[in-house]
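Participant: Take this sequence and fold it.
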Amino acid sequence: MSNPFYAAFLLALEAQKVVELRLVRIAWGGAEAQAEMVSMVGEKVVAAMEAANTLMTGGSHDDVITRYRDLVAANVRRLTA
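Facilitator: Numbers count the residues shown, from 1 in each chain. Next up is the predicted model:
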C-alpha cells in the first residue's frame, strides 16, 4: 500500500467490525463467549510479540499494519461464519 496513513485508517475501520462481532458473541454468553474472551487476549499478546519482532528485525511499520490487517480479516471471516 502506498500510503501508510490510509492503511492505518483502514485497519482502524476493519478492527471496529471485529470489536462489534466479538461484543455480540460475548453478549450471548456461555462457553462460546468465554472461549472468545480467552482467544481475544491470546491473539493480542501474540500479535504484539510478532509486531515487536518484525520491527526489531528491520521490518517496517507498513509490514506490521499489513499483518494486523490480515489478522483482523481472518477474525472477521471466523466470526461471521
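
Participant: List the residues that contact P4.
Facilitator: Counting by Cβ atoms under 8 Å, 6 or more residues apart in numbering, P4 touches H61, D62, I65. Quick note: C-beta positions are derived from backbone N, CA and C, even for glycine.

Participant: ok, H61 touching R67?
Facilitator: No: assessed by Cβ atoms under 8 Å, H61 is found out of contact with R67, at 10.7 Å.

Participant: Now for E20, how many residues are close by?
Facilitator: Look at E20: counted by other Cβ atoms under 10 Å, it has 12 neighbours.

Participant: tell me the secondary structure for it?
Facilitator: helix (DSSP: H, G, I helix; E, B strand; the rest coil).

Participant: And it, what's its pLDDT?
Facilitator: In this model, E20 is scored at 97, pLDDT.

Participant: Roughly how far does it sit from M56?
Facilitator: Using Cβ to Cβ, to the nearest Å, we find E20 at a distance of 33 Å from M56.

Participant: Quick check, D62 in contact with Y6.
Facilitator: No: in this structure D62 lies outside contact range of Y6 using Cβ under 8 Å: 10.7 Å.

Participant: In terms of neighbours, single out the busier of these two.
Facilitator: Using other Cβ under 10 Å as the criterion, D62 and Y6 rank with D62 on top: 14 against 11.
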